[in-house]
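> Mind looking at a prediction? Sequence and model below.
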Amino acid sequence: MQHIEAILFDLDGTLLDTTDLIVASFQHVARKYLGREVTLEELLPSFGKPLIEGLEELMPGKGQEMVLTYREFNLQHHDNMVKIFPGIKEMLQELKQRKIKLGIVTSKVKKTAIKGLELFKIEQLFDVIIGLEDTTIHKPNPEPVLLALELVQTAPGRCLMVGDSPHDIVSAQRAGVATAAVSWSNIPLQSLLELKPTFVLNNASELVEIVDKLNSI
């Protein structure tokens, strides 16, 4: 790999631990519209997808209506249920000290993504935030990653994408960007390993070590 100038991050499951909130929000919707409970295992396939797609899988044709119910519950409980993964803030600060450009590429609407970043006072560390409304096509299509590259003015070969979902890995690979899969989310790591990511991270500090190694060559 070449010298790393920029790193793009997925948000949910990568930087922020939002699983409890996502599951509770889906369960709230399922109780209202389906009259039943849904489990984490049922919901995992929709992690990383735009919200409307996940909801449409629960009840086709009701997605738009369910989105409003989901977001109302999600925003109400956001600050009490979202956590930041260990070492993330320190890792981002270390990368910033090394003049690495940082970006977020998420399938969430930008306003909600920023709300999570502001909760842990890390929003100022990012040079660009790509949200759901910024592209017409979403991960695993490469369009969101390509837009982020354009905005941070970095070539694909000098960038790394960090994520916890197959959608993150495939989107980056299709954009010609190296990938780092994180092992700390609820999505089974094996589903990421099958896609042959460039790196696998067991903790946040390993990303700084990778950057230091690559940029010292």
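Here it is on my side, so go on. Computed from a prediction, not measured in an experiment: that's the story for all the values here. Residues are numbered from 1 along each chain as shown.
> Only the C-alpha atoms, please, for stretch 127-135, written as PDB.
Only the C-alpha atoms of stretch 127-135 are listed here, as PDB (Å, rounded to 0.1, in the frame of the first residue of the first chain):
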ATOM      1  CA  ASP A 127     -13.100  16.800   7.600                       C
ATOM      2  CA  VAL A 128     -16.100  15.400   5.800                       C
ATOM      3  CA  ILE A 129     -19.400  13.600   6.800                       C
ATOM      4  CA  ILE A 130     -21.200  11.700   4.000                       C
ATOM      5  CA  GLY A 131     -24.800  10.900   5.100                       C
ATOM      6  CA  LEU A 132     -27.700   9.200   3.400                       C
ATOM      7  CA  GLU A 133     -29.000  12.300   1.600                       C
ATOM      8  CA  ASP A 134     -25.600  13.100   0.000                       C
ATOM      9  CA  THR A 135     -25.800  10.300  -2.600                       C
END
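> ok, residues contacting that stretch?
Outside stretch 127-135, the residues within contact range by Cβ atoms under 8 Å, 6 or more residues apart in numbering are 6, 50-51, 101-114, 117, 123, 138, 141, 143-144, 147-148, 151-152. Any C-beta I mention is one placed from the backbone N, CA and C, and that applies to glycine too.
> Show me just the buried residues among the residues you listed.
6, 50-51, 101-109, 112-114, 117, 138, 141, 143-144, 147-148, 151-152 (16 or more other Cβ atoms under 10 Å).
> can you pull out the strands in the protein?
6-9, 16-17, 83-84, 101-105, 128-130, 159-163, 178-182, 199-201 (DSSP state E).
> re earlier: inside helices: which ones of the contacts of stretch 127-135?
Of the positions in these, 51, 110-114, 117, 143-144, 147-148, 151-152 sit in helices, assigned by DSSP state H.
> Now the two most distant members of these.
51 and 152 (25.6 Å; Cβ to Cβ).
> how far away is the residue located most distally from the centre of the chain from residue 29?
Most distant from the centre of the chain: residue 35, at 29.8 Å, with distances by Cα atoms, centre = their mean. Separation of residue 35 from residue 29 (Cβ to Cβ, to the nearest Å): 11 Å.
> same question, residue 113
According to Cβ to Cβ, residue 113 and residue 29 sit 20 Å apart.
> Could you do residue 175 as well?
Taken as Cβ to Cβ, the span from residue 175 to residue 29 is 32 Å.
> Out of the two, name the residue with the larger neighbour count.
residue 29 (26 against 21; other Cβ atoms under 10 Å).
> measure the closest residue to residue 125 other than its chain neighbours to residue 59 for me?
In space, not counting the residues next to it along the chain, residue 125 is nearest to residue 92; the distance is 4.8 Å by Cβ to Cβ, 6 or more residues apart in numbering. In this view, residue 92 and residue 59 are 38 Å apart by Cβ to Cβ.
> neighbour-wise, which of these two wins?
residue 92 (22 against 14).
> I'd guessed the more buried one sits against residue 124; true?
No - between residue 92 and residue 124 there is no contact under Cβ atoms under 8 Å: 10.1 Å.
> neighbours around residue 173, how many?
19.
> Give the rounded mean pLDDT of stretch 208-215.
For stretch 208-215, mean pLDDT is 96.
> residues of it that come out buried?
Neighbour count says stretch 208-215 has 208, 210, 211, 214 buried, by 16+ other Cβ under 10 Å.
> Can you add distance to residue 82 and give those back as a markdown table?
Shown next, in a markdown table, are the buried residues of stretch 208-215 (distance: Cβ to Cβ, whole Å):
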| residue | distance to residue 82 |
| --- | --- |
| 208 | 24 |
| 210 | 27 |
| 211 | 26 |
| 214 | 31 |
